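K.L.:
sequence unavailable; structure follows:
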């Protein structure tokens with residue numbers, strides 16, 4: 001009898017009691033979050049919440065271990081995912097996230113709700129405003145503002161992923177034990193929905209599209225069912241065409257790869273089946289090409305146009321490649337680089353490692369899992385398609401866009417590893433089995449810890465910039481937290497209220513994006529980034545008299561998004577003490593300077 005089994009026997013909790021305990025743990029966790037609401041940036045999202053988080057995860061994992069009905073397992077994982085995704089939105093008063101895409105998505109949704117049209121100032125995704133229109137419709141229906149929809153509505157989408165994975169598992173007739181492991185691993189692959197991005201928002205329709213394609217081709221029981229799923233795949237494809245720019249364009253590569261699923265199934269089955277390129281996938285691929293390329297060409301989508309232009313310029317050697325990773329990263333000591341990697345990609349590394357083990361194990365034992373070959377061949381080709389698209393990062397496309405679909409479906413492979421391991425444990429001697437189960441429990445706790453460090457941005461673990469070859473300060477090499485703060489809000493609004501309409505603001509990257517979020521456009525400000533190398537503080541004193549320098553100390557006001565070589569507390573201190581520069585405003589963290 002295992003240790004967890006003895007705990008279950010001693011407590012004698014039935015299903016209702018276990019779920020009531022989970023409800024109590026959830027209430028404790030979320031109440032603790034609301035009790036520490038903040039309008040400034042702290043050390044990490046779970047500051048002051050470690051014990052409530054640990055209690056919630058412990059009760060959830062115990063319920064997950066004890067539950068045998070996979071329908072309830074899917075609901076448990078969905079509940080845990082949406083609770084974990086809601087934490088940043090509940091803790092921070094302002095919308096969380098400082099990336100430029102998050103600001104643009106917010107502004108487009110806000111203008112659609114308030115005016116019914118897209119602002120002339122923010123037209124980046126004008127041709128593909130499907131996700132923004134959906135958010136605006138939900139906001140108008142519910143009476144919520146754009147900020148409230150993004151803070152409290154979008155994180156709820158995290159709960160849909162486990163349900164979709166369960167649907168795929170059930171339609172493909174996956175064994176119950178394997179299904180449970182897949183659903184359990186899905187929690188490690190939660191997208192950070194507290195950061196509004198088009199890629200994350202597109203994951204759900206894209207996963208639905210892939211699942212419907214798979215079921216229509218391989219797991220339809222009747223001809224009418226096959227036709228139904230084929231029509232559904234076309235409807236979802238049309239939605240994806242209007243939903244977001246980058247992800248649908250990757251469908252063209254993706255559909256080419258998955259059309260080889262029958263060939264891979266035939267290879268895996270040892271030539272026992274006849275197979276060729278999937279004609280249905282090819283037909284869908286042609287339709288996708290016509291819809292996506294045709295629509296984006298007619299609408300003159302600026303993002304699509306820039307992407308095509310970059311590819312063309314790169315081919316004719318008019319554009320240099322963009323570095324995927326900062327060169328300074330390679331000057332960091334190995335241990336410090338490992339800490340940064342752990343904070344940025346720790347849970348993905350766990351998922352990919354377990355997925356790789358699962359893929360190898362499945363291949364070596366493929367004769368025993370004949371019914372799963374179509375599913376895993378299809379998913380393998382999906383992952384390979386995004387791996388093949390990864391080199392597009394050198395054109396300036398964020399490589400994270402190519403990671404999230406493989407990360408979302410990695411639980412199918414990682415779950416197979418866990419299921420295979422649990423099957424092997426049953427054949428071992430009781431003493432060895434208990435030891436290995438104890439080790440497994442330790443590894444689960446470690447995985448939860450790594451998940452928390454990455455998902456909730458544990459800033460104190462980031463090494464200081466003095467670890468770089470050209471660094472000398474105690475500032476962080478990279479800022480992971482993205483809280484919008486009251487310090488910045490008050491400083492930016494002060495500058496806007498008490499300066500002339502034509503006064504130029506010189507403002508850092510974080511403040512630049514926050515200004516756009518607060519006011520919707522830059523107007524005549526001509527915002528300039530003062531920490532870039534091209535900026536010289538002593539340039540043109542006459543012109544500088546008409547400028548305000550909106551800056552902040554790193555910490556409670558927020559972090560820095562400039563590279564390490566472009567920012568320094570010492571430089572800001574020196575500037576504040578320079579004769580001729582006056583302090584216009586200072587709230588202790590954010591301040592405004594002007595040349596007298």
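P.N.:
Noted; the coordinates are in hand. Since the model is a prediction, treat every value here as computed from it, not as a measurement. Numbers count the residues shown, from 1 in each chain.
K.L.:
so residue 202 makes contact with residue 240?
P.N.:
Yes - the pair residue 202 and residue 240 passes the contact test of C-beta atoms under 8 Å, sitting 7.0 Å apart. Where you see a C-beta, it was placed from the backbone N, CA and C, and this is true even at glycine.
K.L.:
looking at those two, which is more packed in?
P.N.:
The neighbour comparison of residue 202 against residue 240 (other C-beta atoms under 10 Å) goes to residue 202, with 25 against 22.
K.L.:
tell me the mean pLDDT over the helix or strand hosting that one?
P.N.:
Taking DSSP states H and E as the definition, one finds residue 202 inside helix 198-218. In this model, helix 198-218 has a mean pLDDT of 87.
K.L.:
which helices and strands sit right next to that helix?
P.N.:
For helix 198-218, the helices and strands in contact under the criterion 3 or more C-beta pairs under 8 Å, 6 or more residues apart in numbering; DSSP states H and E are helix 130-142, helix 160-171, helix 223-243, helix 246-258, helix 279-298, helix 373-389, helix 404-425.
K.L.:
reformat those as a markdown table; add distance to residue 508 and mean pLDDT.
P.N.:
Output for those, formatted as a markdown table (distance: least, C-beta to C-beta, whole Å; pLDDT from 0 to 100):
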| stretch | distance to residue 508 | mean pLDDT |
| --- | --- | --- |
| helix 130-142 | 27 | 86 |
| helix 160-171 | 35 | 94 |
| helix 223-243 | 33 | 84 |
| helix 246-258 | 27 | 75 |
| helix 279-298 | 34 | 61 |
| helix 373-389 | 33 | 88 |
| helix 404-425 | 28 | 90 |
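K.L.:
what would those look like in CSV with distance to residue 332?
P.N.:
Rendered in CSV, the data for those read as follows (distance: least, C-beta to C-beta, whole Å):
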stretch, distance to residue 332
helix 130-142, 37
helix 160-171, 34
helix 223-243, 38
helix 246-258, 30
helix 279-298, 40
helix 373-389, 26
helix 404-425, 25
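K.L.:
among these, which is nearest residue 28?
P.N.:
Evaluated with C-beta to C-beta, those place helix 160-171 nearest to residue 28, the distance being 22.5 Å.
K.L.:
give me the angle between that closest one and helix 373-389.
P.N.:
Taking axes from the mean of the first three to the mean of the last three C-alpha atoms, to 10 degrees, helix 160-171 and helix 373-389 form an angle of 140 degrees between their directions.
K.L.:
the helix or strand just after helix 160-171 - contacts with which helices or strands?
P.N.:
Once the chain leaves helix 160-171, the next helix or strand it forms, by DSSP H and E, is helix 176-186. If contacts are counted by 3+ C-beta pairs under 8 Å, 6+ apart, helix 176-186 sits against helix 70-91, helix 160-171, helix 404-425.
K.L.:
now those helices as TSV including mean neighbour count and distance to residue 154?
P.N.:
Compiled in TSV, those are given as follows (neighbours: other C-beta atoms under 10 Å; distance: least, C-beta to C-beta, whole Å):
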stretch	mean neighbour count	distance to residue 154
helix 70-91	22	8
helix 160-171	21	11
helix 404-425	22	15
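K.L.:
nearest to residue 445, out of those helices?
P.N.:
Across the helices and strands packed on helix 176-186, residue 445 has its closest neighbour in helix 404-425 (15.0 Å, C-beta to C-beta).
K.L.:
so how far is that closest one off the chain centroid?
P.N.:
20 Å (C-alpha atoms, centre = their mean, to the nearest Å).
K.L.:
do stretch 493-511 as well
P.N.:
In this view, stretch 493-511 has its centroid 31 Å away from the chain centroid, taken as C-alpha atoms, centre = their mean.
K.L.:
ok, stretch 224-242 next?
P.N.:
26 Å.
K.L.:
repeat that for stretch 211-224.
P.N.:
30 Å.
K.L.:
could you list the buried residues of it?
P.N.:
Judged by neighbour count using 16 or more other C-beta atoms under 10 Å, the buried positions of stretch 211-224 are 211-220.
K.L.:
same check on stretch 61-72?
P.N.:
For stretch 61-72, the neighbour count (16+ other C-beta under 10 Å) marks 61-64, 67, 70 as buried.
K.L.:
secondary structure and pLDDT for the residues you listed - can I get that in TSV?
P.N.:
What follows is the buried residues of stretch 61-72, written out as TSV (DSSP: H, G, I helix; E, B strand; the rest coil; pLDDT from 0 to 100):
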residue	secondary structure	pLDDT
61	helix	94
62	helix	92
63	helix	93
64	helix	93
67	coil	91
70	helix	94
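K.L.:
what is the nearest of these to residue 81?
P.N.:
Top of the list for closeness to residue 81, among the buried residues of stretch 61-72 and by C-beta to C-beta, is residue 64 at 12.2 Å.
K.L.:
residue 180: neighbour count?
P.N.:
Taking other C-beta under 10 Å as the definition, residue 180 ends up with a neighbour count of 26.
K.L.:
mind listing the helices for the stretch 301-450 of the chain?
P.N.:
Along the stretch 301-450 of the chain, the segments classed as helices by DSSP state H, counting those that start in this stretch run 302-315, 334-364, 373-389, 404-425, 430-455.
K.L.:
so how far is the last one from its chain's centroid?
P.N.:
What that stands for is helix 430-455. Here helix 430-455 shows a centroid-to-chain-centroid distance of 25 Å under the convention C-alpha atoms, centre = their mean.
K.L.:
buried residues in the helix or strand just after it?
P.N.:
Downstream of helix 430-455, the next assigned helix or strand under DSSP H and E is helix 486-497. For helix 486-497, the neighbour count (16+ other C-beta under 10 Å) marks 486-489, 491-492, 494-496 as buried.
K.L.:
three-state assignment of residue 110?
P.N.:
Under the three-state scheme (DSSP: H, G, I helix; E, B strand; the rest coil), residue 110 adopts helix.
K.L.:
next, count neighbours for the closest residue to it other than its chain neighbours.
P.N.:
The spatial neighbour of residue 110 that comes closest, neighbours along the chain excluded (C-beta to C-beta, 6 or more residues apart in numbering), is residue 146 at 3.7 Å. Residues contacting residue 146 under the criterion other C-beta under 10 Å number 23.
K.L.:
which residues does residue 146 contact?
P.N.:
Shown in contact with residue 146 (C-beta atoms under 8 Å, 6 or more residues apart in numbering): 106, 109-110, 113, 135-136, 139.
K.L.:
could the residues you listed go into TSV alongside neighbour count and distance to residue 588?
P.N.:
Compiled in TSV, the contacts of residue 146 are given as follows (neighbours: other C-beta atoms under 10 Å; distance: C-beta to C-beta, whole Å):
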residue	neighbour count	distance to residue 588
106	23	27
109	26	33
110	23	30
113	19	35
135	26	36
136	21	37
139	22	35
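K.L.:
let me know the closest of the residues you listed to residue 260.
P.N.:
Of all the contacts of residue 146, residue 260 sits closest to residue 135, with 36.3 Å by C-beta to C-beta.
K.L.:
could you measure from the residue nearest to that closest one when sequence neighbours are not counted over to residue 146?
P.N.:
Closest residue to residue 135 apart from its sequence neighbours, by C-beta to C-beta, 6+ apart: residue 109 at 4.6 Å. Using C-beta to C-beta, to the nearest Å, we find residue 109 at a distance of 4 Å from residue 146.
K.L.:
same check, this time on residue 20
P.N.:
From residue 20 to residue 146 the distance is 36 Å (C-beta to C-beta).
K.L.:
how about the helices and strands packed on helix 176-186 in TSV, adding distance to residue 16?
P.N.:
Output for the helices and strands packed on helix 176-186, formatted as TSV (distance: least, C-beta to C-beta, whole Å):
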stretch	distance to residue 16
helix 70-91	12
helix 160-171	22
helix 404-425	27
